[in-house]
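In: turn this into a structure:
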Amino acid sequence: MKLFIRLFSYLSPYKKRFIIGVVLSFFASIFSGTTLTALKPIFDVLGDSSQKPFQLAFSDHEISVLFNSSEKENLLHLFRQSPVYNSALEKLISSEEKGVVQNNDNGILFKFYKAKLMVNTLLIKYKPYEVLKLVCFSVMPLYLLKLLSVLGTVYFISSAGLMAIRDMRRELYQNLMRLPLNNFVQEKSGVWMSRVINDVTIVSDAVSNEFRVSMNNMFIVITHVALLVTLDYKLLLFSVVGVPIVLWPVNSIARKIKNITSSEQSRLGEINAHLQEVIGGIRVIRAFNMESYELSRFNKINYSLFRESFRYRYNHTIGPALVELTTSFIIIGLLLYGGKQILGGYTTPGSFLTFLFILIVIMSPVKQLATWYNLIHRTIASAERIFDLIDRQPESTDPENPVQPEPVKEYIEYKNVSFRYPGGEKDVLKKISLKVPIGSKVALVGHSGAGKSTFVDLLSRFYDPSEGAIYFDNNNVKDYRIKDLRDKVGIVTQEIILFNATVRENICYGRNDVPMEEIIRVSRMAFAHEFVEQLSNQYETVIGERGLLLSGGQRQRLSIARALLKNPEILILDEATSALDTTSERLVQKALEKLMQNRTTFAIAHRLSTIYQSDLIVVFDKGRIVETGTHDELLKLSGKYRELYDIQFRD
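Out: Okay, the predicted model is just below:
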């Protein structure tokens, strides 16, 4: 219940729309019921081939109640006007001689009988066919009002629901952007995509469409059951005996559907993840002739999805089918019971046929409500997955009183910093202490897994230290707003991230206020302007997904141009040239030299030839800093750096 309250809380900003839709839905069911009540006089007229005046048929019970009430004289006056009532009049005179007890004139049913008497008194002067035409033409405006109400319900409730889902998807996306990086390492990207797309789609269908349909059905059931009460409450009591039999299988099946949906959505997430891996690694797959292997992996996931999807479809269908079966038994029993009532004179054919027709009309909404009950549990399963993501804690929060983002003037310092990944068993950084003067060119070297990338990740607060702290001058980096902190840092990595947009949009990345002259200036500095000018649409050329329409060197130079435009105080270079050919590396290296001017730079490098001119070289080993110094100083130490140097240049 709490989950549904939270789910529908997203409708709160649009409650006016929602309430209007609910009211219109109620009116639609009222108009539907009113048109159905017109069937009673129609059935009575069509069941009588004579040309006697049209009258709403009285049952013996109704006549008895009216005769023994304050309406006795009005009833006798009506009966004396038409021979259709001759037999009824004789019975009344006979019963009057025997004497009866006066009835209560204040009951709801008595008021209904009294209204019926008034209508018959009014209609006694008209021929049956004239009344039939009047009823039919009177019903037509009600159908129009019903149509308008239904259209209004669709507009107001569906729009409110879709707006609520839009807000939920935005909140889900915003929280996804703020999650700690380890969340993205621990789970496949396809799983995240499944929650944002598939789970939200299921909830969207439930809130914006299925809920509207089910509410319409609920109002139809309520209003039409009220009509059945007025027609024959005893017949209604006979009908509802089978309701528990109808509800039992529906409730049992709905519980299964919730578990099936969770499993089905997990399989969809696995398929999304697999497809993303295959599409991204298609070159490697073909190079190793692994198409058959990947197909077998896909078939396994696909079969699991088929199995869960089939289980859902089967259980989703069998519930309404069981409802239809049990209600059919009720209808058969009702026909037998109603026929006996008609033959005994306890009800009229028109009343019974109208009752039966309304009951049959209710069957479809009841069946759809059973379907919706299944969808509720399917929605709950998806909503749980959505709120699990929304409720996860963001990476780092801003301080209440943040430090003003002034330029760092003196140094960057790591003080006794240790770090362990969430859920990890060992520290990947251990008691790191390092003080770097502003403007220095710092090279970070060491074997893979030594802790170099984690070291620079802490600088941008992608993670926070488990112990110790990092300072800009005398300010702890945690005292900055995250946005202000990351504005100070620019990153150029070996894995180049470009977007399926134009060259200009990739360089500006989210900024629309950059003049073209500035874009060209940073492109020239990054040695990118020359090749951009040769593209079909120059700076308006779309470069494809991840920039794959460009070469590796061209993509890297665009990423450098993007970093130059940002103009950060601190620059992080993570193996920025390691994947390039000699010509491209030379151009990119020149671009990096311009980028590093007047900036504090941390460069992760495995090629020691690229770091000889660094002001400081920091050697990492097993999460610790084991050596620091210049190139010449470290060679003289004959330590870890000398070992790395000899491995690379032993030939």
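In: contacting residues for V403?
Out: N475, D479, Y480, D484 (C-beta atoms under 8 Å, 6 or more residues apart in numbering). From N, CA and C alone the C-beta is placed, and that goes for glycine too.
In: using the three-state scheme, assign it.
Out: Under DSSP: H, G, I helix; E, B strand; the rest coil, V403 falls in the coil class.
In: from what I see, V203 and M168 are in contact.
Out: Yes: V203 lies in contact with M168 (C-beta atoms under 8 Å); the separation is 7.2 Å.
In: now the common contact residues for the two.
Out: Jointly contacting V203 and M168 under the rule C-beta under 8 Å, 6+ apart are I386.
In: picking up where we left off before, who wins for most neighbours among the contacts of V403?
Out: In terms of neighbours by other C-beta atoms under 10 Å, the contacts of V403 top out with Y480 at 21 neighbours.
In: OK, contacts around that one?
Out: Residues near Y480 by C-beta under 8 Å, 6+ apart: P399, P402, V403, P405, F472.
In: is it possible to mark the buried ones in these?
Out: For those, a neighbour count by 16 or more other C-beta atoms under 10 Å gives the buried set as P402, V403, P405, F472.
In: so for those residues, which is the shakiest by pLDDT?
Out: Lowest-confidence member of these: P405, scoring 78 (pLDDT).
In: OK, contacts around it?
Out: If you count contacts by C-beta under 8 Å, 6+ apart, P405 has them with Y480, R481, D484, L485, D487, K488.
In: the first one and E406, how far apart?
Out: By that I understand Y480. Y480 sits 10 Å away from E406, going by C-beta to C-beta, to the nearest Å.
In: quick one on the thing from earlier: nearest to L162, of the buried ones among the contacts of Y480?
Out: Of all the buried ones among the contacts of Y480, P402 has the smallest distance to L162: 37.5 Å, by C-beta to C-beta.
In: ok, and the closest non-adjacent residue to that closest one?
Out: Spatial nearest neighbour of P402, chain neighbours left out: R481 (4.5 Å); criterion: C-beta to C-beta, 6 or more residues apart in numbering.
In: quick revisit: out of the contacts of Y480, who's nearest L181?
Out: Ranked by distance to L181 (C-beta to C-beta), the contacts of Y480 are led by P399 at 20.5 Å.
In: quick one, what contacts the closest one?
Out: Contacts for P399 (C-beta under 8 Å, 6+ apart) come out as K478, D479, Y480, R481.
In: would you confirm that the first one contacts G468?
Out: No: using C-beta under 8 Å as the test, K478 is too far from G468 to be in contact (11.5 Å).
In: higher neighbour count, the two?
Out: Per other C-beta under 10 Å, whichever of K478 and G468 has more neighbours is K478, with 19 against 16.
In: please report the distance of that one from K430.
Out: K478 sits 20 Å away from K430, going by C-beta to C-beta.
In: hang on, isn't L3 packed against T379?
Out: No: at 9.0 Å, L3 and T379 do not qualify as touching, with contact defined as C-beta under 8 Å.
In: which of these two has more residues huddled nearby?
Out: A side-by-side neighbour count of L3 and T379, using other C-beta under 10 Å, places T379 first with 26 against 12.
In: looking at stretch 425-445 now, give me its mean pLDDT.
Out: 87.
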